[in-house]
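K.L.:
return atomic coordinates for the entry below.
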Amino acid sequence: MDKKRIVVALGRNAFGETFPEQQANVKKAAKAIADLVEAKYQIVITHSNGPQVGMIQTAMTEFARLEPEDRTVAPMSVCGAMSEGYIGYDLQNAIREELLNRGIYKTVSTIITQVRVDPFDIAFSEPSKIIGRYMTKEEAEAEEEKGNYVVEEEPGRFRRIIAAPMPIDIYEIDAVKALLSADQIVIAAGGGGIPVLQQGSHLKGASAIIEKDYTAAKLAELVGADTLLFLTAYDKLTIGKGTADEKVFDNVSAADLHQYIKAGHFPAKTTFPKVDASIRFVAADSDRKAVIANLEQAKEGLDGKAGTTITA
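P.N.:
Residues are numbered from 1 along each chain as shown. As a prediction, the model looks like this:
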């Protein structure tokens with residue numbers, strides 16, 4: 001019997017805010033992944049890269065400011081690639097170590113992944129993702145002169161905002177599938193992948209960030225996974241939390257969830273992308289399911305004993 005393929009999307013709680021936090025937290029993620037390996041799943045892992053990509057972008061911008069004669073600001077696509085590399089490095093080593101401690105030898109590989117986006121995506125004219133350090137009014141005006149978007153997040157404190165286009169295709173998908181077929185664990189499309197624009201045979205990095213939840217769904221579609229597993233900091237999908245109308249979901253259909261979206265129940269910056277990506281994934285094939293569960297209950301979530309299961 002063929003092993004079932006799943007895509008596991010790790011939220012920011014799997015990494016923390018600093019280098020030491022990340023190295024500690026990935027060990028928890030590694031335990032969850034190892035449990036799934038023992039349950040005989042073929043696994044592709046994708047992950048958040050916030051706030052890591054913001055820290056990298058801030059650092060590279062500051063470096064350019066200190067040495068303006070010799071350095072230029074790193075494009076967001078480069079910052080995204082850096083985040084894929086260093087998060088993947090910590091994660092793959094933690095998973096490898098956890099598996100070896102359980103007597104399992106299996107190669108874990110990180111693929112620097114480029115994701116195609118549409119240059120005419122409306123997101124480029126309506127940027128929504130806040131990144132980087134706070135700026136003064138003068139610095140913000142200088143950014144606007146370069147053609148970048150800024151927002152006054154607090155009085156007198158400005159930050160850059162960039163686009164969040166939808167993923168269309170994943171260029172390294174054949175490599176991901178080849179490694180899966182070899183029964184290896186793959187880490188791919190970290191942070192939603194590096195958004196790129198196709199120009200003939202050239203791939204040009206876009207000044208954007210892709211929601212990792214949407215890329216996770218695209219990744220699951222392209223590798224032929226029947227399950228999309230979102231691992232988060234909370235136990236189940238919930239609306240109206242702490243109110244008399246609180247509702248906790250164990251099992252829910254995509255159609256019912258869509259109605260809750262229309263009623264405005266899921267916050268745009270947190271829960272909505274997971275819910276929307278789940279609906280898109282399961283609605284395309286009735287044999288698919290999406291699961292939203294706590295990081296420490298990954299296997300139980302897949303078994304329907306924890307978390308929220310979403311079906312067509």
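K.L.:
quick one: mean pLDDT for stretch 32-49?
P.N.:
Stretch 32-49 shows a mean pLDDT of 96.
K.L.:
ends of that stretch, how far apart?
P.N.:
Separation of the first and last residues of stretch 32-49 by CA to CA, to the nearest Å is 19 Å.
K.L.:
check stretch 273-291 too.
P.N.:
OK, stretch 273-291 end separation, CA to CA: 14 Å.
K.L.:
list the buried residues of that stretch.
P.N.:
273-283, 288-291 (16 or more other CB atoms under 10 Å). (Glycine included, C-beta is placed from N, CA and C.)
K.L.:
report how many residues lie close to Thr72.
P.N.:
For Thr72, the neighbour count with other CB atoms under 10 Å is 10.
K.L.:
per-residue confidence at it?
P.N.:
With respect to pLDDT, Thr72 scores 74.
K.L.:
so Gln245: helix, strand or coil?
P.N.:
If you look again at residue 245, you'll see it is Asp, not Gln. Secondary structure, DSSP: H, G, I helix; E, B strand; the rest coil: Asp245 is coil.
K.L.:
how about Ala30?
P.N.:
For Ala30, the assignment made with three-state DSSP gives helix.
K.L.:
okay, now it: neighbour count?
P.N.:
For Ala30, the neighbour count with other CB under 10 Å is 23.
K.L.:
that one and Ala216: what is the separation?
P.N.:
Applying CB to CB, to the nearest Å, the value for Ala30 to Ala216 is 19 Å.
K.L.:
list the residues that contact the residue nearest to the spatial centre of the chain.
P.N.:
Taking CA atoms, centre = their mean, the centroid of the chain lies closest to Lys212, which sits 2.7 Å from it. The contact partners of Lys212, taken as CB atoms under 8 Å, 6 or more residues apart in numbering, are Ala9, Thr46, His47, Ser48, Asn49, Ala189, Gly190, Gly191, Gly192.
K.L.:
isn't Leu203 up against Glu172?
P.N.:
No: if you go by CB atoms under 8 Å, Leu203 and Glu172 don't touch, sitting 11.1 Å apart.
K.L.:
which residues do these two both contact?
P.N.:
In contact with both Leu203 and Glu172: Gln114, using CB under 8 Å, 6+ apart.
K.L.:
on the three-state scheme, the residue of the chain positioned farthest from its centre is what?
P.N.:
What lies farthest from the middle of the chain is Glu69; by CA atoms, centre = their mean that is 35.3 Å. Going by three-state DSSP, the secondary structure assigned to Glu69 is coil.
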